[in-house]
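> no sequence on this one, just coordinates:
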């Protein structure tokens, strides 16, 4: 089971066990991890599951729709921004940083 | 929103209350029956009145919602033939489980089309179907992925300056009324989202009133309770409306062939089709048919409700004057407390259960988001409008899951602009008589019929 570590904007860390195939967003919501709202439930419609990923993470490249939706995040996007509903867990442990706010 | 299952029912056509049940006759009955025991009599009136739930009454449904959540959170209502679901967790779970609870009835007509209207619509070539809301996977998945590209912040953030200009102009016009009185609904809230959605589809603002007329006919024909005779003029309007949607698609094809850039959603969809996206002309026209109706009605209601609730709570209005950064939270709280759509339909595909209540395959289900949003299990002091609430955003007013409102961010952006401009242009705005505002009868839509405001000197 991969471990997912969520690092808040203030630096506190929450680590939870995830399941391969689940999204980083689902894993956060199911475990009550703060910092990810995911209002729409994963249909790429709300841009409230914004995270910053590490440079060495090997998630699949984003599709055009995710790229367009990232223009609507509450905290401005950066080069390593992703929507966590689109990030599927594999076997590797991962770390993501959540923005100061999603709304 | 992609579509609203509006069930318009004129007050005069509403069924009589079950008086015979509520007030059982105890004397003079010609039929001899056993002495009534006290217990069933005590229970019967409450159950028969559905805990006060009247499906079409919208002015203040909230006490009945509270009674439903408390006493019968999954209740069959014989008047409409639907299981009515009122608790937050149940509503959310049904939305999330699209494999079991299909959206195929989301646009089902409440009343069968009469023979005359049917002939008009068949002769007129009317073949419109749901844009997205009543379509189901895999068709829904395929179409939504294509249409959704047109509803991203990247596209509509470009519209912001125009929306702001339109808002400032409409506010100036309202504030020029010599008697210092206006109706925020008709003076501002109607035009803003209508101009925006028509613009997105490449239709000019001069067509606003025509599309409003067609929208009204769509609401009445698809979700209304009209007599066969009353349906006739609306049937003609729907033929015109659908013909216009088909024309928009053929027009976009002509532009594409001529090498002209259409710069609107219809053109983009036709262009996507030409480069391999799997979407037919009929499907594009159906998306137009939905958006040209649904892209403004609920946003008009959201704008009206935000202004109305804030003015009804002057301390919170003042808070936003002092610090406009709270506007997005105020919009979320409005969506929670006073959503544009309070009930939305689903159909069970297999024998299942909701909240422990058995639901047979084929059953119709009405999810009351307006009730879920006030579930004390999710929201503290749920009957209080509080723009400082931390979890207002957990409301279910845009649905949840695969059919989540495609236009949610566009709606909120427009509402935010209107609130910002109104706070600046008319900080002294007040409701004339908050208690007198009523909401039109409807199954799903909860929309005020007017929002009378004044900005004159305090009397």
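Yep, that arrived. Bear in mind the structure is a predicted one, so any value in this text is a computation, not a measurement. Numbering: from 1, shown residues only, chains lettered A, B, ... in the order given.
> can we go C-alpha only for contacts and neighbour counts from here?
Noted.
> burial of residue 97, as a residue count?
Looking at chain A here, since you left the chain open. 21 (other CA atoms under 10 Å in any protein chain shown).
> try chain B instead
13.
> tell me the contacts of the residue nearest the centre of chain A?
Most central in chain A under CA atoms, centre = their mean is residue A:84, positioned 2.8 Å from the mean C-alpha point. Shown in contact with residue A:84 (CA atoms under 8 Å, 6 or more residues apart in numbering or on different chains): A:23-25, A:49-51.
> and it, what pLDDT?
For residue A:84, the pLDDT comes out at 97.
> And residue B:358, by the same measure?
97.
> what's near enough to touch it?
Counted by CA under 8 Å, 6+ apart, residue B:358 has contacts B:351-352.
> Specify the local secondary structure of it.
With DSSP: H, G, I helix; E, B strand; the rest coil as the basis, residue B:358 sits in strand.
> Could you measure from it over to residue B:80?
Distance, residue B:358 to residue B:80, using CA to CA, to the nearest Å: 18 Å.
> So which residues on chain A come close to chain B?
A:39-43, A:45-46, A:65, A:68-72, A:103 (CA under 8 Å from any CA of the partner chain).
> can you redo those residues as TSV with pLDDT, neighbour count and secondary structure?
Formatted as TSV, these follow (pLDDT from 0 to 100; neighbours: other CA atoms under 10 Å in any protein chain shown; DSSP: H, G, I helix; E, B strand; the rest coil):
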residue	pLDDT	neighbour count	secondary structure
A:39	90	24	coil
A:40	92	25	coil
A:41	90	24	coil
A:42	91	22	coil
A:43	90	21	coil
A:45	92	27	coil
A:46	92	28	coil
A:65	91	18	helix
A:68	91	17	helix
A:69	93	24	helix
A:70	95	26	helix
A:71	91	17	helix
A:72	90	21	helix
A:103	78	17	coil
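> Out of the residues you listed, which two sit at the greatest distance?
The largest distance within the residues of chain A next to chain B, taken as CA to CA, falls between A:65 and A:103 and amounts to 19.6 Å.
> now residue B:369: how far from residue B:351?
Counting by CA to CA - residue B:369 and residue B:351 are separated by 23 Å.
> Equivalent analysis for residue B:324, please.
For residue B:324, the distance to residue B:351 - CA to CA - is 50 Å.
> who's more crowded, these two?
residue B:324 (17 against 12).
> quick one: contacts for that one?
Going by CA under 8 Å, 6+ apart, the list of residues near residue B:324 reads residue B:420.
> With residue B:419 instead?
B:303, B:306-307, B:327.
> and it, what element?
For residue B:419, the enclosing helix or strand under DSSP states H and E is helix B:408-425.
> My read is that residue A:82 contacts residue A:48, right?
No: contact criterion CA atoms under 8 Å: residue A:82 and residue A:48 do not qualify, at 10.6 Å.
> can I assume residue B:334 sits in a helix?
Yes: with three-state DSSP as the criterion, residue B:334 is located in a helix.
> Number of residues surrounding it?
Neighbours of residue B:334 (other CA under 10 Å): 27.
> Please report the distance of it from residue B:393.
10 Å.
> again with residue A:32
The value you get for residue A:32 to residue B:393, if CA to CA is used, is 15 Å.
> And the residue of the stretch 251-400 of chain B closest to chain A?
residue B:400 (5.4 Å; CA to the nearest CA).
> Angles on the backbone of that residue, please.
With angles defined as degrees, to the nearest 10, residue B:400 sits at phi -160, psi 140.
> correct me, but it touches residue A:45?
No: checked against CA under 8 Å, the pair residue B:400 and residue A:45 is beyond contact range at 10.2 Å.
> low-confidence ranges in chain B?
Across chain B, the ranges flagged by pLDDT under 70 are B:1-48, B:110-111, B:223-225, B:458-459.
> how close does the most centrally placed residue in it get to residue B:446?
Residue closest to the average C-alpha location in chain B (CA atoms, centre = their mean): residue B:341, at 3.8 Å. Residue B:341 sits 6 Å away from residue B:446, going by CA to CA.
> now the helices for chain A?
A:24-30, A:64-69 (DSSP state H).
> Highest mean neighbour count out of these?
Stretch with highest mean neighbour count among those: helix A:24-30 (a mean of 21; mean count of other CA atoms under 10 Å in any protein chain shown).
> Give me the helices and strands touching the helix or strand of chain A with the lowest mean pLDDT, please.
Within chain A, confidence by mean pLDDT, DSSP states H and E is lowest for helix A:64-69 among all helices and strands, at a mean of 92. Helix A:64-69 is packed against helix B:153-156, with contacts defined by 3 or more CA pairs under 8 Å, 6 or more residues apart in numbering or on different chains; DSSP states H and E.
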